[in-house]
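Model the structure of this input:
(one chain, ligands or ions: 1)
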Amino acid sequence: MPDVPFSVVKRNELVPMCPFCGVQLPEVYMKDKGSGFVEGKNVMYFCPHCSKVLGFGQSRMI
Ligand SMILES: [Zn+2]
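Numbering: from 1, shown residues only. Modelled structure (predicted):
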């Protein structure tokens with residue numbers, strides 16, 4: 001754990017930018033891999049412009 005104080009600031013007015021193609025992303029696409037029915041799905045987030053993967057996450061669908 002780092003010693004420096006850490007704070008999260010909510011900035012809904014800022015638009016994230018794709019690190020690959022540099023286009024601002026008011027939305028991203030997501031695609032689930034269709035496995036892990038019980039423990040939640042693995043979800044892949046990707047840029048709608050260049051289709052490069054931005055990250056992975058877990059999406060619980062109960
Ligand atoms: Zn992109």
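
hang on, isn't residue 49 packed against residue 23?
Yes. Between residue 49 and residue 23 there is a contact at 4.7 Å, judged by C-beta atoms under 8 Å. (C-beta placed from N, C-alpha, C; glycine too.)

residues contacting residue 23?
Residues near residue 23 by C-beta atoms under 8 Å, 6 or more residues apart in numbering: 17, 47, 49, 50.

7 Å - rerun?
Contacts were defined as C-beta atoms under 7 Å, 6 or more residues apart in numbering; by that measure residue 23 touches residue 49.

Residue 17 too?
Neighbours of residue 17 in contact, by C-beta under 7 Å, 6+ apart: 24, 25.

Mind doing that once more with 8 Å?
Contacts here follow C-beta under 8 Å, 6+ apart; on that basis residue 17 touches 23, 24, 25.

what residues does this structure put near the ion?
With C-beta under 5 Å from the ion as the criterion, the chain meets the ion at residues 18, 20, 21, 47, 49, 50.

Is it possible to mark the buried ones in the residues you listed?
The neighbour count (16 or more other C-beta atoms under 10 Å) marks 18, 47 as buried among the residues of the chain next to the ion.

hang on, the earlier thing: closest to the ion among the contacts of residue 17?
Distances from the ion to the contacts of residue 17, taken as C-beta to the ion, are shortest for residue 23 (5.5 Å).

So residue 30 sits against residue 45, correct?
Yes. With contact defined as C-beta under 8 Å, residue 30 and residue 45 form a contacting pair (5.1 Å).
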